[in-house]
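Visitor: Provided below are the primary sequence and the corresponding predicted coordinates.
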Amino acid sequence: MPAREPNERTRVNRRFDRMEQLLADFHQEMITRFDAVYALLDRLEQGSAMITEALGNIEGLLSGESAGREGLRATRRPRSLGD
């Protein structure tokens with residue numbers, strides 16, 4: 001049966017080659033997904049920083065000597081001439 005041995009070796013080599021390709025594809029997909037998650041986390045971090053800054057500004061307006069709640073309302077919407 002030595003004649004079958006090269007064919008069997010060829011089939012085994014093909015299977016290993018296929019497995020290596022599947023693992024390489026999987027690895028690339030995981031890197032792509034990680035990059036997408038990282039980008040989303042970066043956007044969340046930026047949004048959190050913006051919200052924290054805005055809340056600080058609001059707290060500053062509310063605790064200010066003359067601003068009070070009227071100062072906050074003035075920054076939210078422009079007053080019309082009839083107000």
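Guide: On my side now, so go ahead.
Visitor: for the rest of this, base every contact and every neighbour count on C-alpha atoms.
Guide: Noted.
Visitor: gap between Pro27 and Gln21?
Guide: No Pro there; residue 27 is His. His27 sits 10 Å away from Gln21, going by Cα to Cα, to the nearest Å.
Visitor: same deal with Ala49?
Guide: Ala49 sits 42 Å away from Gln21, going by Cα to Cα.
Visitor: least trustworthy helix or strand in the protein by mean pLDDT?
Guide: helix 68-76 (a mean of 57; mean pLDDT, DSSP states H and E).
Visitor: would you map the strands across the chain?
Guide: Read by DSSP state E, the chain holds no strands at all.
Visitor: per-residue confidence at Gly60?
Guide: At Gly60, the model reports a pLDDT of 88.
Visitor: now for it, how many residues are close by?
Guide: 14 (other Cα atoms under 10 Å).
Visitor: contacts only, for it.
Guide: Under the criterion of Cα atoms under 8 Å, 6 or more residues apart in numbering, Gly60 has no contact partners.
Visitor: where does this structure have low pLDDT?
Guide: 1-4, 65-83 (pLDDT under 70).
Visitor: most centrally placed residue in it?
Guide: Of all residues in the chain, the one closest to the mean position by Cα atoms, centre = their mean is Leu40, 1.1 Å from it.
Visitor: how close does that one get to His27?
Guide: 20 Å.
Visitor: what do you get for Glu20?
Guide: Noted for Glu20: a distance of 10 Å to His27, by Cα to Cα.
Visitor: repeat that for Tyr38.
Guide: 16 Å.
Visitor: over to Asn57?
Guide: Between Asn57 and His27 the computed distance is 45 Å (Cα to Cα).
Visitor: ok, now Ile58?
Guide: Ile58 is 46 Å from His27, where distance means Cα to Cα.
Visitor: what's the neighbour count on Leu62?
Guide: Neighbours of Leu62 (other Cα under 10 Å): 16.
Visitor: state the distance from it to Ile51.
Guide: Leu62 is 16 Å from Ile51, by Cα to Cα.
Visitor: and for Val12?
Guide: Applying Cα to Cα to Val12 and Ile51 gives a distance of 58 Å.
Visitor: where do the helices sit along the protein?
Guide: For the chain, the helices defined by DSSP state H occupy 4-63, 68-76.
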